[in-house]
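Undergrad: got a predicted structure plus its sequence, pasted below:
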Amino acid sequence: MENFYRLISYFQTQSEPAYCGLASLSMVLNALAIDPGRKWKGPWRWFDESMLDCCESLETVKSKGISFGKLVSLAHCAGAKVEAFRTNHSNIDEFRKYVMRCSSSDDCHVISSYDRSVLKQTGTGHFSPVGGYHAEKDMALILDVARFKYPPHWVPLNILWDAMSNVDESTGQRRGFMLISRPHREPGQLYTLSCKHESWVGVAKYLMDDVPLLLKSEDVKDIQEVLSVVFMSLPSNFEDFIKWVAEVRRREDIGQTLSMEEKARLAVKEEVLKQVQETGLYKHVSELLLSSKNSCCRNLTSGCEEDLPNIAASVCCHGAQILSGNSASPLVYCWQEACVKCLKANGDKPVTVVCGTVVNGGSEEKVDMLVPSSQMNLSCCCAGSINHIGLHPASNDVLTALLLALPQKTWSGIKDVKLLKEVYSLVSTASLPTLLQEEVLHLRRQLHLLKRCQENRIEEDLGEPLS
């Protein structure tokens with residue numbers, strides 16, 4: 001029953017009638033101490049239902065609930081290791097084995113998707129974590145997240161299996177169960193893919209389907225021509241697709257100092273950024289973006305030209321929305337005032353902070369964004385010179401990371417054998433430093449997950465995304 005003590009510490013009640021999947025997942029992710037990559041409220045990094053919206057909008061989940069396949073994808077997106085089984089691809093003995101294994105450990109947990117009616121309960125489809133196993137009676141403990149309806153209760157394992165074997169009418173698929181555990185590697189530290197903007201479908205299709213065909217159809221002679229082919233038709237809104245994982249905080253929560261945890265996370269981001277900029281591919285990408293002759297890059301900018309105030313405005317407004325617990329709210333947050341400061345204490349390396357005021361209606365909030373930078377001697381200034389802060393995550397870094405994350409087969413259509421070998425050497429993940437390798441492989445897994453969504457295979461393909 002080791003997992004019971006861990007889960008019960010994070011037991012929560014679903015905040016909406018259709019949020020059982022989101023509540024079950026956030027409960028398990030918190031029990032596994034997986035970092036959400038952002039703050040919930042105040043200084044606390046904590047999974048909440050409102051933060052689990054990368055695979056389905058909260059409004060859709062609120063009205064229709066979430067399917068088994070989409071919850072599996074959501075767990076992958078959140079950075080967990082997931083093994084998922086529908087009952088027609090498993091059996092009750094395997095299910096018992098998994099329940100027993102997770103019940104005697106605190107590093108994996110089972111979420112069950114079942115039909116309440118089989119348990120003689122009101123309602124139909126439901127998700128809840130399994131909190132324990134009674135070997136003598138062969139019963140599973142359901143930690144029901146709809147606590148306004150049912151307290152935790154024991155269910156004979158064979159009846160729970162029958163309840164999971166019912167078909168979900170919304171998908172035509174059997175229900176099932178998933179094992180969730182901590183990943184062997186941490187999720188993205190600096191970059192992540194986003195499907196919150198409707199343009200993600202077009203960008204994902206271009207990267208996964210169109211780029212290989214373009215490279216196969218063109219007679220490219222060198223690396224610059226290869227990159228020109230890729231960038232020439234790159235959708236203009238690709239920056240809505242790949243995001244910088246920013247560190248945002250309310251000044252009133254911590255003040256002018258940085259916590260040890262913030263310093264550590266910022267140091268990791270800066271190391272990832274440094275490793276990106278040390279790759280051979282980055283040098284080629286930067287050279288292309290800085291070339292005035294390349295009309296294919298007219299919509300892209302190098303790091304020196306990136307508009308940090310606008311980045312900070314967008315990030316801090318969204319951050320203030322999340323920190324206030326209104327991530328699904330239509331309320332408009334406006335950015336006022338902008339000042340770049342360097343925080344330095346106890347001989348530490350200076351930390352670049354963009355400080356600003358976010359306005360929502362009649363209320364104001366002081367918000368900071370910590371800026372990872374590989375530049376050693378930053379000039380600290382206020383709004384008039386803010387554009388001169390360089391080498392924060394920018395288009396050249398983002399494009400390099402995105403190109404590294406593309407599957408190897410993307411480049412196989414290049415006809416020139418010598419050039420193909422050179423491209424493979426530039427995009428190979430095997431030669432990357434461990435931290436950057438993990439970052440790139442996380443982006444690659446996200447690409448494969450989004451391709452499943454694009455092709456409507458989310459319910460059929462429950463396996464670990466390829467990396």
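TA: Cool, the structure landed.
Undergrad: relative to Met208, how far out is the residue nearest the centre of the chain?
TA: Nearest to the mean C-alpha position of the chain, by Cα atoms, centre = their mean, lies Cys77 at 4.7 Å. Relative to Met208, Cys77 is positioned 17 Å away (Cβ to Cβ, to the nearest Å). Every residue, glycine included, has its C-beta placed from N, CA and C.
Undergrad: from Gly356, how far off is Lys349?
TA: According to Cβ to Cβ, Lys349 stands 23 Å off from Gly356.
Undergrad: mind checking which of the two has more residues around it?
TA: Applying other Cβ atoms under 10 Å to Lys349 and Gly356 shows that Gly356 carries more neighbours, namely 26 against 13.
Undergrad: need the CA coordinates for the helix or strand where Phe4 lies. CSV is fine.
TA: Assigned by DSSP states H and E, Phe4 belongs to helix 2-8. Output in CSV follows, covering the C-alpha atoms of helix 2-8 (Å, rounded to 0.1, in the frame of the first residue of the first chain):
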residue,chain,number,x,y,z
GLU,A,2,3.0,2.3,-0.4
ASN,A,3,1.3,4.1,-3.3
PHE,A,4,-1.8,4.8,-1.1
TYR,A,5,0.2,7.1,1.3
ARG,A,6,1.7,9.0,-1.6
LEU,A,7,-1.6,9.4,-3.5
ILE,A,8,-3.7,10.2,-0.5
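Undergrad: pull out the buried residues from that helix.
TA: By neighbour count on 16 or more other Cβ atoms under 10 Å, the buried set for helix 2-8 is Asn3, Phe4, Arg6, Leu7.
Undergrad: ok, which stretches of the stretch 351-467 of the chain are strands?
TA: 351-360, 363-371 (DSSP state E, counting those that start in this stretch).
Undergrad: and the residue of the chain most remote from its centre, what element?
TA: Within the chain, the residue lying farthest from the chain centre (Cα atoms, centre = their mean) is Glu136, at 41.0 Å. Following DSSP H and E, one finds Glu136 outside all helices and strands.
Undergrad: same deal with the one 5 residues further on?
TA: Leu141 belongs to strand 139-142 when elements are defined using DSSP H and E.
Undergrad: show me what that strand is packed up against.
TA: strand 125-134, strand 153-156, helix 157-165 (3 or more Cβ pairs under 8 Å, 6 or more residues apart in numbering; DSSP states H and E).
Undergrad: what lies in contact with the shortest one?
TA: So that's strand 153-156. Leu119, His134, Lys137, Asp138, Met139, Ala140, Leu141, Ile142, Asp144, Ala163 (Cβ atoms under 8 Å, 6 or more residues apart in numbering).
Undergrad: doesn't Asn158 make contact with the fourth one?
TA: If I follow you right, that is Asp138. Yes - at 7.4 Å, Asp138 and Asn158 qualify as touching, with contact defined as Cβ atoms under 8 Å.
Undergrad: against Gly65, how distant is the closest residue to Glu271 other than its chain neighbours?
TA: Once flanking residues are discounted, Glu271 sits nearest to Leu435: 5.9 Å by Cβ to Cβ, 6 or more residues apart in numbering. Distance of Leu435 to Gly65, given as Cβ to Cβ: 38 Å.
Undergrad: and if you look at Glu262?
TA: For Glu262 relative to Gly65 (Cβ to Cβ), the value is 37 Å.
Undergrad: neighbour count winner among those two?
TA: The neighbour comparison of Glu262 against Gly65 (other Cβ under 10 Å) goes to Gly65, with 23 against 17.
Undergrad: tell me the SS of Asn30?
TA: helix (DSSP: H, G, I helix; E, B strand; the rest coil).
Undergrad: so what's it up against?
TA: Residues near Asn30 by Cβ under 8 Å, 6+ apart: Tyr10, Trp46, Phe47.
Undergrad: quick one: least confident of those residues?
TA: Ranked by pLDDT, the contacts of Asn30 bottom out at Trp46 (85).
Undergrad: dump the residue contacts of it.
TA: Contacts of Trp46 (Cβ under 8 Å, 6+ apart): Asn30, Pro36, Lys39, Trp40.
Undergrad: a markdown table please, covering those residues and showing secondary structure, distance to Trp200 and pLDDT.
TA: Converted to a markdown table, the contacts of Trp46 look like this (DSSP: H, G, I helix; E, B strand; the rest coil; distance: Cβ to Cβ, whole Å; pLDDT from 0 to 100):
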| residue | secondary structure | distance to Trp200 | pLDDT |
| --- | --- | --- | --- |
| Asn30 | helix | 27 | 94 |
| Pro36 | coil | 20 | 81 |
| Lys39 | coil | 24 | 70 |
| Trp40 | coil | 24 | 76 |
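Undergrad: thank you kindly, that will do.
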